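Undergrad: Sequence and predicted model, in that order:
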Amino acid sequence: MRTMAVTGIFLATIAFSTAALAESAGQYIDDATVTARVKAALLQDKNLKATQVSVKTDQGSVLLSGSVTSTDQEAEAVRVANQIDGVKIVKDQIQVSSSQQQ
């Protein structure tokens, strides 16, 4: 009887670990997809010069960093990122590198 209980606990632990691993792998793929979509949208936006903007995603939380030439560019990058499916929140760490901030 004790052997069956230990075996049951062991099997439950393996099942839980496998499910957690599959979930984290799926989350990684989802984050990579969100990052790619945000980058593509930033590059396609004609009002934005976003070649110096970096994008990282963790569980749907998008971090924008790098530099742009104006506060308008910064706001546009955040706006564009917020429109992408899968984005839960955008964290803005973009620096405005021009001395003429708009």
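TA: Looks like it arrived, so ask away.
Undergrad: and Gln83, what does it touch?
TA: Residues near Gln83 by Cβ atoms under 8 Å, 6 or more residues apart in numbering: Ala41. The C-beta positions use only the backbone N, C-alpha and C, and glycine is treated the same way.
Undergrad: mind redoing it with 10 Å?
TA: Neighbouring residues of Gln83 by Cβ atoms under 10 Å, 6 or more residues apart in numbering: Arg37, Val38, Ala41, Val90.
Undergrad: Check for me that Gly66 belongs to a strand.
TA: Yes - Gly66 sits within a strand when classified using DSSP: H, G, I helix; E, B strand; the rest coil.
Undergrad: What pLDDT is listed against it?
TA: Looking at Gly66, its pLDDT stands at 94.
Undergrad: thinking it is in contact with Ser54, fair?
TA: Yes - using Cβ atoms under 10 Å, Gly66 is in contact with Ser54, at 4.7 Å.
Undergrad: Return the distance of the closest residue to Gly60 other than its chain neighbours relative to Gln73.
TA: Closest residue in space to Gly60, ignoring its immediate chain neighbours: Lys88 at 3.6 Å, by Cβ to Cβ, 6 or more residues apart in numbering. The gap separating Lys88 from Gln73 is 23 Å, by Cβ to Cβ, to the nearest Å.
Undergrad: The two: who's more crowded?
TA: Gln73 (24 against 11; other Cβ atoms under 10 Å).
Undergrad: give me the element the more buried one is part of.
TA: Using DSSP states H and E, Gln73 falls within helix 71-82.
Undergrad: quick one: contacts of that helix?
TA: Here helix 71-82 makes contact (Cβ under 10 Å, 6+ apart) with 34, 37-39, 41-45, 47-50, 52-53, 55, 57, 62-64, 66-68, 70, 87-92, 94-98, 101-102.
Undergrad: I'd like to know which of these are buried.
TA: Buried residues within the contacts of helix 71-82, counting neighbours by 16 or more other Cβ atoms under 10 Å: 34, 37-39, 41-42, 48-50, 53, 55, 57, 62-64, 68, 87, 90, 94, 96.
Undergrad: Filter the residues you listed down to the ones in helices?
TA: When DSSP state H is applied, these are split such that Val34, Arg37, Val38, Lys39, Ala41, Leu42 fall in helices.
Undergrad: Many thanks, I have nothing further to ask.
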